[in-house]
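**Student:** all I have is the shape, not the residue letters:
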């Protein structure tokens, strides 16, 4: 599931309605995914070492990781 892409589309729908240019939307996308990556790293660091994550926890984190990696490949970003 593309959690981040879905949220990004929700976030920029108003910008599109207001006539944002492709360049503005692209800058917004890069900023959004950079923030998402920072958040992902923070969340990963918050997992309790003495508690095993659930299957659902792991799936969501895997989905987010895969989506961020896809974004980096698509936009030729080394690190976010």
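**Tutor:** Perfect, I can see it now. Just so it is clear, the structure is predicted and the values come from calculations on it, not from any experiment.

**Student:** how close does residue 31 get to residue 59?
**Tutor:** 27 Å (C-beta to C-beta, to the nearest Å). C-beta coordinates here come from the backbone N, C-alpha and C atoms, glycine included.

**Student:** same thing with residue 44?
**Tutor:** 14 Å.

**Student:** what of residue 15?
**Tutor:** Counting by C-beta to C-beta, the gap from residue 15 to residue 59 is 30 Å.

**Student:** do the same with residue 26
**Tutor:** Taken as C-beta to C-beta, the span from residue 26 to residue 59 is 30 Å.

**Student:** do the same with residue 2
**Tutor:** Separation of residue 2 from residue 59 (C-beta to C-beta): 13 Å.

**Student:** go on, residue 41?
**Tutor:** Residue 41 sits 18 Å away from residue 59, going by C-beta to C-beta.

**Student:** give the buried residues for the helix or strand where residue 56 lies.
**Tutor:** Here residue 56, judged by DSSP states H and E, is contained in helix 55-74. Residues of helix 55-74 classed as buried by neighbour count (16 or more other C-beta atoms under 10 Å): 64, 67, 68, 71.
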